[in-house]
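In: below are the sequence and a predicted model; questions follow.
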Amino acid sequence: MKKRKSTNRPRSAIQTDTKAAAQDHTQLAAHSTLNTAIFESLRVMSDEIDPTLLEDLIEAFRDDAPMRIKGIKDALKRDDLSEIRHHAHCFRGSLNSFGVDRLAFVMAAIERAAEDGDRASVEWLITSLDTEFKKVRSRLKA
């Protein structure tokens with residue numbers, strides 16, 4: 001059985017960070033799954049440039065997102081907060097461009113927690129990734 005690495009921080013600091021992550025999670029409800037304004041602008045651009053562009057972007061997202069989420073989870077298993085931060089940062093950028101606001105918010109919170117060295121918050125926030133991705137995937141089918 002693999003031992004967990006200590007964060008070398010007082011327990012009160014970890015609890016405070018976890019409370020901040022919980023607050024981030026509470027704020028999650030304020031963000032829509034898909035930003036309809038951004039998504040509609042992508043639809044208009046697709047209609048003007050190439051009618052299959054939006055469908056191609058959606059397909060690329062469906063293929064890419066699970067691999068990115070897996071990369072974050074794999075980095076967590078290795079306790080590599082730097083890699084988690086990197087993956088979350090890159091994924092957040094593409095999510096924002098695509099109008100996937102709620103999942104982008106989760107990525108921003110994971111990125112912040114990883115940068116702060118708060119493994120407990122990262123682990124807690126990662127639990128919402130699959131749920132949020134399923135919501136996005138469902139909305140993209142509609």
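Out: On my side now, so go ahead.
In: next one: stretch 44-51 to chain centre, how far?
Out: 27 Å (C-alpha atoms, centre = their mean, to the nearest Å).
In: again but with stretch 112-123, I slipped
Out: So, by C-alpha atoms, centre = their mean, the centroid of stretch 112-123 is 13 Å from its chain's centroid.
In: just the terminal-to-terminal distance for that stretch.
Out: End-to-end span of stretch 112-123 (C-alpha to C-alpha, to the nearest Å): 13 Å.
In: how about stretch 45-53?
Out: 8 Å.
In: buried ones in that stretch?
Out: Ser46 (16 or more other C-beta atoms under 10 Å). Any C-beta I mention is one placed from the backbone N, CA and C, and that applies to glycine too.
In: in what helix or strand does the residue minimising distance to the centre of the chain lie?
Out: Central residue of the chain (C-alpha atoms, centre = their mean): Met107, 3.1 Å from the mean position. Counting by DSSP states H and E, the element that carries Met107 is helix 101-115.
In: in terms of secondary structure, what does that helix contact?
Out: helix 11-27, helix 81-98, helix 119-126, helix 129-141 (3 or more C-beta pairs under 8 Å, 6 or more residues apart in numbering; DSSP states H and E).
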